[in-house]
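# with the input below, show me the fold.
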Amino acid sequence: MPRKFFKRYMPSADKVREVRIMSLFGNALFHPALWHLNRRSAAGGIATGLFCGLIPGPLQMVGAGLIAILFRVNLPLALLGTLYTNPLTIVPLYLVAYRIGAFVLGAAGGTPPDPPPDWVLSQPVASAEAMGQWMLGLGAPLAAGVFLLACLLALIGYVVVRLIWSAYLRRAWAGRQRRYAAARR
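Okay, here's the model as predicted:
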């Protein structure tokens, strides 16, 4: 079921190869391991996406793609895994990361951070710049917290995918054994 479910919605390597701009990446993008679905590649792809989802700015998918190519995990799932962050979720995630970093670095008793700036839809460049300045002002606790939170999310994602996949396989195996036993009667 996991393989059938993912294959139904994932593009094939041949479909991606038809996109002309993808030829810039050469054959590295079309290594069979990047498109193969098994427990390891799916869990690794999700973990990669969850880790790279906390990269600031538009570099999340680029980072996920590069790490997926480097570690030979499922590329489409790595790219899909970054989509949990967006302008609505990134600020709460960064606040959680700041608190984790402040706790780990022993700065938990310090002054609380300033509230994040308001996002003005009519001025996206100025809003992004204000958000960047706010994040830089948070400093070392934010940097450490983002890394630790990304590692934690990746670990949780990897374990959850492996557990779900294994549970499905055990259930499917038991079903096959029941059908085989019923057929032998």
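
# only C-alpha atoms from now on, for both contacts and neighbour counts.
Noted.

# list the buried residues in stretch 150-169.
Residues of stretch 150-169 classed as buried: Ala150, Cys151, Leu153, Ala154, Leu155, Ile156, Gly157, Tyr158, Val161, Arg162, Trp165 (neighbour count, 16 or more other C-alpha atoms under 10 Å).

# give me the element the second one is part of.
Counting by DSSP states H and E, the element that carries Cys151 is helix 124-184.

# what packs against that helix?
helix 39-52, helix 90-105 (3 or more C-alpha pairs under 8 Å, 6 or more residues apart in numbering; DSSP states H and E).

# neighbouring contacts of the first one?
Counting by C-alpha atoms under 8 Å, 6 or more residues apart in numbering, the neighbours of helix 39-52 from elsewhere in the structure are 33-34, 60-61, 63-64, 67-68, 72-84, 150-151, 153-159, 161-162, 165-166.

# what angle separates the helix holding Cys151 from helix 39-52?
Angle of helix 124-184 versus helix 39-52, following axes from the mean of the first three to the mean of the last three C-alpha atoms, to 10 degrees, is 160 degrees.

# and helix 124-184, how far out from the chain's middle?
7 Å (C-alpha atoms, centre = their mean, to the nearest Å).

# oh, and call the first residue 598 from now on, that's how I've got it
New numbering, starting at 598: the last item is helix 721-781.

# next, the angle from that helix to helix 687-702.
Put simply, helix 721-781 runs at 90 degrees to helix 687-702, going by the same axes, to 10 degrees.

# for the nearest residue to Ala747 once chain neighbours are set aside, give me the pLDDT.
Excluding the flanking residues, the one nearest Ala747 by C-alpha to C-alpha, 6 or more residues apart in numbering is Phe648, at 4.5 Å. The per-residue pLDDT reported for Phe648 equals 97.

# just give the number of residues close to Phe648.
28 (other C-alpha atoms under 10 Å).

# what does the one 10 residues further on give?
Neighbourhood size, Met658 [other C-alpha under 10 Å]: 21.

# so what's it up against?
Gly646, Cys649, Gly650, Ala675, Leu676, Thr679.

# any idea how far Leu676 is from His628?
Between His628 and Leu676 the computed distance is 16 Å (C-alpha to C-alpha, to the nearest Å).

# more crowded one of those two?
Neighbour count, other C-alpha under 10 Å: between His628 and Leu676, Leu676 has more, with 23 against 13.

# how near is the more buried one to Gly641?
On the measure of C-alpha to C-alpha, Leu676 and Gly641 end up 12 Å apart.

# could you do Leu718 as well?
Distance from Leu718 to Gly641, by C-alpha to C-alpha: 35 Å.

# the two - which one has more neighbours?
Gly641 (28 against 9).

# tell me the confidence at the more buried one?
Gly641 is given a pLDDT of 96.

# what about the protein, any weak spots by pLDDT?
The chain contains residues with pLDDT under 70 at 598-625, 704-710.
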